[in-house]
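# no letters, just coordinates:
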């Protein structure tokens, strides 16, 4: 698998991250995750895709082949999958993703947390915004 890390690296030692909100509207796709700025400060990150062709959500346990690669063992949460992911052959069923595979400028992005993970097929990388999480 060939990947690019996107964004910043966050604190990940003995800290859990997760997808905490997901919104799909006519304006695009917005995914919010919780992660750690440092060992004591939990924050949120919003990823906003203006246009996309598809997405899928799976538990991190369904991506064990990804976690075996050293490129994913860090504090990054957003990756561009250049080769070897969902679009380029992970799904081998006939007729699945045929249109998306045929579009060269359609990128595959992978949002990784220690819990849920999301793959997004989109033309451009998302807008990334750090937000404060309200403690309730």
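Looks like it arrived, so ask away. Owing to the predicted nature of the structure, the values given are computational and were not obtained by experimental measurement.

# pick out the residue closest to the middle of the chain.
residue 111 (1.2 Å; Cα atoms, centre = their mean).

# mind checking pLDDT for it?
Residue 111 carries a pLDDT score of 96 in this model.

# could you do the one 5 residues further on as well?
At residue 116, the model reports a pLDDT of 92.

# that one - nearest residue in space that isn't next to it in sequence?
residue 19 (4.1 Å; Cβ to Cβ, 6 or more residues apart in numbering). C-beta coordinates here come from the backbone N, C-alpha and C atoms, glycine included.

# pLDDT on the helix or strand where the one you found lies, on average?
Using DSSP states H and E, residue 19 sits in strand 18-25. The pLDDT scores in strand 18-25 average 95.

# count the residues that sit near residue 19.
Around residue 19 there are 19 other residues, counting by other Cβ atoms under 10 Å.

# same check, this time on residue 65
11.

# please identify the helix or strand for it.
helix 64-67.

# for that helix, buried residues please.
Using 16 or more other Cβ atoms under 10 Å as the test for burial, helix 64-67 gives residue 66.

# also stretch 31-38?
For stretch 31-38, by 16+ other Cβ under 10 Å, it's 31-36.

# in a markdown table: those residues, plus pLDDT, distance to residue 133 and secondary structure.
Rendered in a markdown table, the data for the buried residues of stretch 31-38 read as follows (pLDDT from 0 to 100; distance: Cβ to Cβ, whole Å; DSSP: H, G, I helix; E, B strand; the rest coil):
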| residue | pLDDT | distance to residue 133 | secondary structure |
| --- | --- | --- | --- |
| 31 | 97 | 15 | strand |
| 32 | 97 | 9 | strand |
| 33 | 97 | 10 | strand |
| 34 | 97 | 6 | strand |
| 35 | 96 | 10 | strand |
| 36 | 95 | 11 | strand |
